[in-house]
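S.K.: The following comprises the amino acid sequence and a computationally predicted model.
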Amino acid sequence: MAYRLFEGKEHASVYQKYRFTPPEELTHIILQYLDEKKGQPHELAVDVGCGTGQNSRVFAAHFKEVVGVDVSECQLEEARSVPGYPNITYRRSTAEELPFADGSVDLLTAASAAHWFDQSRFLTEAHRVLKSRGCIALLGFSDSDTKLCYQNCGEKLNRIYDEVKKALSPYTSNPVVASEAKLEALYSAIPYPDKERIEGIQAKFFIPLRNVLGVIETWSMFQAYKRKDPQAAQDLMFNTQKRFLEAMGVTSPDTEIEYSMEYFCVLASKPHSSTV
C-alpha cells in the first residue's frame with residue numbers, strides 16, 4: 001500500500017523548516033551516473049514524493065525542467081513558496097500513477113520518500129515513464145548512523161537522542177524500517193541488471209540545538225505520537241531540550257551543535273532494449 005502521513009499543513013511547515021538538503025556529493029554521484037548511462041541532454045527530472053522541494057531544487061541547475069510531485073497539497077504549497085527556481089513546477093500526484101508520457105523522463109528521483117511507495121506499482125510506473133537508459137536515483141539516510149557532537153559531551157547527547165528514538169519506537173511503521181535497511185528490498189526488486197547501491201556518504205551540518213528538536217518533530221513516529229497524545233509529545237520535546245542543554249552546559253537552544261549523517265543511494269538505469 002501507499003502511505004499518506006505528511007499531508008497536514010503543520011507537518012509540511014516543520015518539514016520545510018527543518019529537513020536537510022541532500023549533500024552535494026550525493027547530487028554529483030547521481031548526475032555522474034546519469035551521464036555515464038544515458039548522457040546529455042538532461043531534459044526532465046521528476047522528484048517523486050518531493051515534499052517541500054529540497055531535493056527538487058538541487059537538480060534545477062542541471063535540467064531543462066524539474067517537476068516535483070507529491071500527494072500533499074500542503075507540502076506542495078510550501079515548495080512553491082520558495083522563490084528563484086523558474087524551471088521547477090510542482091504537481092499533485094502519487095508515486096504509483098505519474099502524470100508523464102511514456103518514455104519522457106531522464107531522471108526519476110526520490111529523497112527519503114521511496115520507502116512510502118507501493119514498491120511494485122512504483123517500479124512498473126518508473127519503467128513506463130523513463131526514457132531508454134533513463135535513471136532511477138532513490139536516496140535517503142539511516143538514522144541509526146546519526147551522531148551529535150558538542151565539545152566533549154557527544155556521548156551524552158547521542159544517548160539522549162537514542163532514548164528519544166526508543167520512546168517513539170512503538171510508533172515506527174514498516175516503511176521506516178525499510179528506510180533504515182537502506183531500501184534493500186526495493187533495490188532487490190528493481191528488474192534492471194544495471195543497478196547499484198552506494199552507502200556511507202557523509203554529511204555534516206552545524207545547526208542550532210532547537211533545529212535538532214525540529215528534525216525530531218518531522219519524523220512520522222513523532223507525528224503519530226503527537227496525534228495520539230499531544231500533551232505527552234509536547235512534554236517529550238520540552239524535556240529532551242532541557243536534557244540536551246544540561247548535558248551541553250549551556251542555556252540557549254540557539255547554541256550550534258554538529259549533526260552528522262550518512263546517506264545512501266540506490267541507482268538503476270533502464271536498459272536500452274526496453275520497450276515502453
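M.R.: Sure thing, it's come through. Numbers count the residues shown, from 1 in each chain.
S.K.: For the rest of this, base every contact and every neighbour count on C-alpha atoms.
M.R.: OK.
S.K.: Relative to residue 46, how far out is the residue positioned nearest the centre of the chain?
M.R.: Closest to where the C-alpha atoms of the chain average out (C-alpha atoms, centre = their mean) is residue 112, at 2.4 Å. The gap separating residue 112 from residue 46 is 15 Å, by C-alpha to C-alpha, to the nearest Å.
S.K.: same check, this time on residue 210
M.R.: The gap separating residue 210 from residue 46 is 32 Å, by C-alpha to C-alpha.
S.K.: Which of those two has more residues huddled nearby?
M.R.: Ranked by neighbour count (other C-alpha atoms under 10 Å), residue 210 and residue 46 place residue 46 first, with 27 against 18.
S.K.: What strand or helix carries that one?
M.R.: If you go by DSSP states H and E, residue 46 is part of strand 44-48.
S.K.: same for that strand, what does it pack against?
M.R.: helix 54-58, strand 65-70, strand 105-111 (3 or more C-alpha pairs under 8 Å, 6 or more residues apart in numbering; DSSP states H and E).
S.K.: Figure out which of these is closest to residue 199.
M.R.: Comparison of these against residue 199 by C-alpha to C-alpha identifies strand 105-111 as nearest, at 14.3 Å.
S.K.: So what are the sheet partners of the closest one and their directions?
M.R.: Sheet pairing here is set by DSSP bridges, and for strand 105-111 it gives strand 44-48 (parallel), strand 130-141 (parallel).
S.K.: re earlier: contacting residues around the residue lying closest to the residue nearest to the centre of the chain once chain neighbours are set aside?
M.R.: Residue nearest to residue 112 in three dimensions, not counting chain neighbours: residue 140, with 4.5 Å by C-alpha to C-alpha, 6 or more residues apart in numbering. Residue 140 is in contact with 111, 112, 113, 179, 182, 263, 264, 265, counting by C-alpha atoms under 8 Å, 6 or more residues apart in numbering.
S.K.: Could you measure from residue 140 over to residue 77?
M.R.: As judged by C-alpha to C-alpha, residue 140 and residue 77 stand 23 Å apart.
S.K.: what's the answer for residue 142, then?
M.R.: From residue 142 across to residue 77, the span is 27 Å (C-alpha to C-alpha).
S.K.: Also residue 98?
M.R.: With C-alpha to C-alpha as the criterion, residue 98 and residue 77 are 19 Å apart.
S.K.: that older thread, quick one, which of the helices and strands packed on strand 44-48 is nearest to residue 155?
M.R.: Distance to residue 155, taken as C-alpha to C-alpha, is lowest for strand 105-111 among the helices and strands packed on strand 44-48, at 28.9 Å.
S.K.: buried ones in the closest one?
M.R.: For strand 105-111, the neighbour count (16 or more other C-alpha atoms under 10 Å) marks 105, 106, 107, 108, 109, 110, 111 as buried.
S.K.: Now do the contacts for the third one.
M.R.: By C-alpha under 8 Å, 6+ apart, the contact list for residue 107 reads 34, 44, 45, 46, 130, 134, 135, 136, 137.
S.K.: Shouldn't the first one be within a helix?
M.R.: Spelled out, that is residue 34. Yes: assessed by DSSP: H, G, I helix; E, B strand; the rest coil, residue 34 belongs to a helix.
S.K.: what pLDDT does it get?
M.R.: Here, the pLDDT recorded for residue 34 equals 97.
S.K.: Skipping its backbone neighbours, what lies nearest it in space?
M.R.: residue 135 (6.2 Å).
S.K.: tell me which residues form a beta bridge with the one you found?
M.R.: Applying DSSP bridges, one finds that residue 135 bridges with residue 107, residue 269.
S.K.: any idea how far the residue nearest to residue 30 when sequence neighbours are not counted lies from residue 221?
M.R.: Of all residues not flanking residue 30 in the chain, residue 137 sits nearest, at 6.6 Å (C-alpha to C-alpha, 6+ apart). For residue 137, the distance to residue 221 equals 25 Å [C-alpha to C-alpha].
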